[in-house]
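Student: Take this sequence and fold it.
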Amino acid sequence: PLFEGTIIAASGFTPDSAAAIVESGLVDAVAFGRFFISTPDLAERIRIGAPPNKYTRKTFYTMGTHSSSDDNLRIGYTDYPTLTEAKPDQL
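Tutor: Below you'll find the model as predicted:
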């Protein structure tokens, strides 16, 4: 082989397609960037077959704001819900 190091694939994988490509031997691991950011309990959700949270790209690398009727919240990396906290429209 031309490269003997670790190969990590990313972009567009589902848990099933990630497992398949690792099992095929083409890669050593798969990264879940966007879903990792938006789903604080991603590993557990993959383990039990639960869907990840929907993500909002505009909040990935900067703090945004979200206004609601009773407060003004800052949104970003740290406020995506866990599965037990998520509302149906967040999945």
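Student: CA only for contacts and neighbour counts going forward, please
Tutor: Fine.
Student: just the helices in the protein please.
Tutor: 15-24, 33-38, 42-48 (DSSP state H).
Student: most packed of the ones you listed?
Tutor: Ranked by mean neighbour count under mean count of other CA atoms under 10 Å, the helices of the chain are led by helix 33-38, which reaches a mean of 18.
Student: ok, and what's touching it?
Tutor: 10-11, 42, 52-56, 60, 77, 80 (CA atoms under 8 Å, 6 or more residues apart in numbering).
Student: thinking again about what came up before, of the helices of the chain, give the one that comes closest to residue 89.
Tutor: When the helices of the chain are compared by CA to CA, helix 33-38 sits nearest residue 89, at 13.7 Å.
Student: low pLDDT regions in this protein?
Tutor: Applying pLDDT under 70 to the chain flags the ranges 61-77.
Student: redo that, cut-off 80
Tutor: Low-confidence segments of the chain, defined by pLDDT under 80: 1, 58-79, 90-91.
Student: In terms of position in space, what residue lies nearest the middle of it?
Tutor: In the chain, the C-alpha nearest the mean C-alpha coordinate belongs to residue 35, at 1.2 Å (CA atoms, centre = their mean).
Student: how far away is that one from residue 41?
Tutor: Separation of residue 35 from residue 41 (CA to CA, to the nearest Å): 10 Å.
Student: How about residue 50?
Tutor: Taking CA to CA, one finds residue 50 at 10 Å from residue 41.
Student: And the two? Which one has more around it.
Tutor: Higher neighbour count among residue 50 and residue 41: residue 41, with 18 against 13, using other CA atoms under 10 Å.
Student: Now for that one: which residues touch it?
Tutor: Listed by CA under 8 Å, 6+ apart, the contact partners of residue 41 are 82-83.
Student: I'm done for today, thanks for sticking with me.
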